[in-house]
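**Q** Sequence first, predicted coordinates after that:
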Amino acid sequence: MSNIVRISVKAEEGKPKKRNVYVQSASDVKRLLNNTINELRNGEIDSKSANSIGYLANILLKVFETEEVIQKVKELEEKFTLITDHSRP
């Protein structure tokens, strides 16, 4: 995937701005959610922000799943085309 998904965090007064998060795979989502859970438990972010991150992470997982299904369908279509082309007299 060539596009990078960026989830930026708005800096509050007196707090340094957090770095951007680059989420390109399900494992990146897993890491993001692990970090978010720890930040929530440590009081570094509020529950509303954690909930928003979880919601957006769920959307990203659905996008990754959809992309994977589309890729598999394309591969099957290519195989089917090869098989049907070779079976014609």
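**A** Structure received.

**Q** For the longest helix along the chain, which helices and strands make contact with it?
**A** Ranked by residue count under DSSP state H, the longest helix found in the chain is helix 47-87. Packed against helix 47-87 by the contact rule (3 or more C-beta pairs under 8 Å, 6 or more residues apart in numbering; DSSP states H and E) you find strand 5-7, helix 26-41. No exception for glycine: its C-beta is placed from N, CA and C like everyone else's.

**Q** Go again with 6 Å.
**A** Packed against helix 47-87 by the contact rule (3 or more C-beta pairs under 6 Å, 6 or more residues apart in numbering; DSSP states H and E) you find helix 26-41.

**Q** Report the inter-axis angle for the helix it packs on versus helix 47-87.
**A** Interaxial angle of helix 26-41 relative to helix 47-87 (axes from the mean of the first three to the mean of the last three C-alpha atoms, to 10 degrees): 170 degrees.

**Q** State the mean pLDDT of helix 26-41.
**A** Confidence over helix 26-41, taken as the mean pLDDT, stands at 96.

**Q** Going by neighbour count, list what's buried in that helix.
**A** For helix 26-41, the neighbour count (16 or more other C-beta atoms under 10 Å) marks 28-29, 32-33, 36, 39-40 as buried.

**Q** The spatially most central residue of the chain and Asn38, how far apart?
**A** The residue lying closest to the centre of the chain (C-alpha atoms, centre = their mean) is Leu60, at 3.6 Å. Distance, Leu60 to Asn38, using C-beta to C-beta, to the nearest Å: 19 Å.

**Q** Could you do Lys72 as well?
**A** Taking C-beta to C-beta, one finds Lys72 at 34 Å from Asn38.

**Q** Check Ile70 too.
**A** To Asn38, Ile70 is 34 Å away according to C-beta to C-beta.

**Q** Same check on Thr66?
**A** 29 Å.

**Q** ditto for Arg31
**A** For Arg31 relative to Asn38 (C-beta to C-beta), the value is 11 Å.
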